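> Output the structure for:
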Amino acid sequence: MAKVSNGGSGIPARVLSSAMAPEWSRFLLLLLFSMSGSRHATATKANKNNLTSAISQLVRNFLPDCHLVLVSTSKFSSVFSEMQSGVLRAGMSAVLVNSKEMVTSLDLSSRDDLLGGLWGDATTTCQALLIELTDDFDAEHLFNFIEDSDIPRRPEARVILVGPSKGVEVVLRHPKLQNTVHAFYLTLQNLGPESRGDLHMYRKCLYCNGGEPDVRLVGRWAPDIGFGTKDQLFPDEFGNFNGHRFKAVAKKYFPYMDAVPDSNEPGSTLTVLDSLDTRIFHALAQYLNFTFETWSTADSEFGVAKGDGNWTGMVGALQHGQADFSCGITPTVTRSQVVDFSRVYIPEPWVIVSLKPQPPPQSWSLVRPLTES
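Below you'll find the model as predicted:
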């Protein structure tokens, strides 16, 4: 894995692992480089200078404790050079990856080795990807990289894309980013004759449009304006769901969950009755401003591993995105590999009870001397 850091004169880079497999190490960008001339048709000189300053301010003020990964989706890009310069100007370090060759050229095992070191170690609490997009970026390649790099299963990872304005809606509304809490898009073109090369920042919000996702303009970045406050850039997405309707999957298990099916068809919706989990659902719905519908699975199981990576029952419904949340599922190590669990609010210990041993009956006196002591 390659990493660049601000280490004094020049633009240094160091290899983090001397045991890096030669067949895929060449696909990592090992050196920061500058290019004469522009290969980005819409990135004017003013824009590029502003981009360096914007990236520097972004990582210094809003991502100071994050594990940074800079991703290039092309072989040569002056935009990517400006992004690297911005990270160095902020005094930060970052892992550099060339996604195009990684996705198209590496064999599966080498790709897994590379992605295994992409997100830092177990102590990493904040992760951020800064992805460069060119004017003619390949959308299919981009979303393949997003899936392969495990972004859909890392909702707290911050994803910042830098590219032309035509990609804002295409990228931020794509299903591969639907689980990403903080996804941004920084445009790279002049927006009018008086824009002075200012950059526009867009953000994907999860529930801001009547409970549904939307793309909103955060604001215009300029050297004398900046990005605004942290609350503007990284607002609380889960304090108000704006009436969003969630899907809950449940199984009757009184007193925790009580419900009756709305029809005799397997997997029908349920009418929940008064029970512990129902009260919790209604309290959360009122406090966080959401509604929910509840249904059962066709097999009426809590969830059993099928052996091929898939699960049955309620765990399977959560695993495949058929439901948003559930209740009454006992946390296990294997289940936690495919779904997330809240804190256990009621432990249910199992105790084996037996009768206290009594003296054997007199009728056994004949054979007792022959038993093992």
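> For the longest helix seen in the chain, buried residues please.
Counting residues, the longest helix found in the chain (DSSP state H) is helix 45-62. Applying a neighbour-count criterion of 16 or more other CB atoms under 10 Å, one finds 47-48, 50-59, 62 buried in helix 45-62. C-beta here means a position set from N, CA and C on the backbone, and glycine is covered the same way.
> tally of neighbours for residue 72?
The criterion is other CB atoms under 10 Å. On that basis, residue 72 has 24 neighbouring residues.
> what's the answer for the one 5 residues further on, then?
Residue 77 has 20 neighbours, counted by other CB under 10 Å.
> State the distance from it to residue 199.
Distance check for residue 77 against residue 199: by CB to CB, to the nearest Å, it reads 16 Å.
> likewise residue 173?
Residue 173 sits 20 Å away from residue 199, taking CB to CB as the criterion.
> Mind checking which of those two has more residues around it?
More neighbours surround residue 199 than the other of residue 173 and residue 199, with 23 against 14 (other CB under 10 Å).
> Please list all residues in contact with the residue lying closest to the more buried one once chain neighbours are set aside.
The shortest distance from residue 199 to any residue that is not its chain neighbour, by CB to CB, 6 or more residues apart in numbering, is 4.5 Å, and that residue is residue 221. Listed by CB atoms under 8 Å, 6 or more residues apart in numbering, the contact set of residue 221 reads 50, 54, 186, 198, 199, 200, 201, 227.
> Sketch out the low-pLDDT regions of the stretch 101-250 of the chain for me.
For the stretch 101-250 of the chain, residues meeting the criterion pLDDT under 70 lie at 101-117, 189-197.
> Mind doing that once more with 80?
Residue ranges of the stretch 101-250 of the chain with pLDDT under 80: 101-117, 121-122, 188-198, 224.
> which residues in it form strands?
127-132, 158-163, 183-187, 199-209, 212-221, 244-249 (DSSP state E, counting those that start in this stretch).
> One more: the stretch 251-373 of the chain?
Chain-ordered strands for the stretch 251-373 of the chain, with DSSP E, counting those that start in this stretch as the definition, fall at 259-261, 269-272, 290-295, 325-326.
> Contacts made by the second one with the rest, please.
Same thing as strand 269-272. Looking at what lies outside strand 269-272 - CB under 8 Å, 6+ apart - the contacts are 250, 257-263, 278, 281, 293-296.
> Buried ones in that strand, by neighbour count?
Neighbour-count burial for strand 269-272, with 16+ other CB under 10 Å as criterion, is recorded at 270, 272.
> Now residue 70: which helix or strand?
Of the helices and strands defined by DSSP states H and E, residue 70 is found in strand 67-72.
> Can you spell out which helices and strands pack onto that strand?
Applying 3 or more CB pairs under 8 Å, 6 or more residues apart in numbering; DSSP states H and E, we find strand 67-72 packed against helix 78-89, strand 94-98, helix 99-105, strand 127-132.
> who touches residue 128 in this structure?
When the contact criterion is CB under 8 Å, 6+ apart, the partners of residue 128 are 59, 63, 66, 67, 68, 69, 157, 158, 159, 160.
> Nearest to residue 246 among those residues?
Compare each of these with residue 246 using CB to CB and the shortest gap goes to residue 157, at 22.7 Å.
> With adjacent residues omitted, what lies nearest to that closest one?
Counting by CB to CB, 6+ apart, the nearest residue to residue 157 once its immediate chain neighbours are dropped is residue 127, at 4.5 Å.
> Tell me the spacing between that neighbour and residue 152.
From residue 127 across to residue 152, the span is 14 Å (CB to CB).
> higher neighbour count, those two?
Between residue 127 and residue 152, counted using other CB under 10 Å, the more crowded position is residue 127 (19 against 16).
> wait, the more buried one sits on residue 154?
Yes - in this structure residue 127 lies within contact range of residue 154 using CB atoms under 8 Å: 6.8 Å.
> okay, and the common contacts of the two?
By CB under 8 Å, 6+ apart, residue 127 and residue 154 have these common neighbours: residue 119.
> circling back to that earlier point, most neighbours per residue, which of the strands of the stretch 251-373 of the chain?
Across the strands of the stretch 251-373 of the chain, the average number of neighbours (mean count of other CB atoms under 10 Å) peaks for strand 325-326, which reaches a mean of 20.
> start to end distance for stretch 330-344?
Taking CA to CA, to the nearest Å, stretch 330-344 runs 9 Å from one end to the other.
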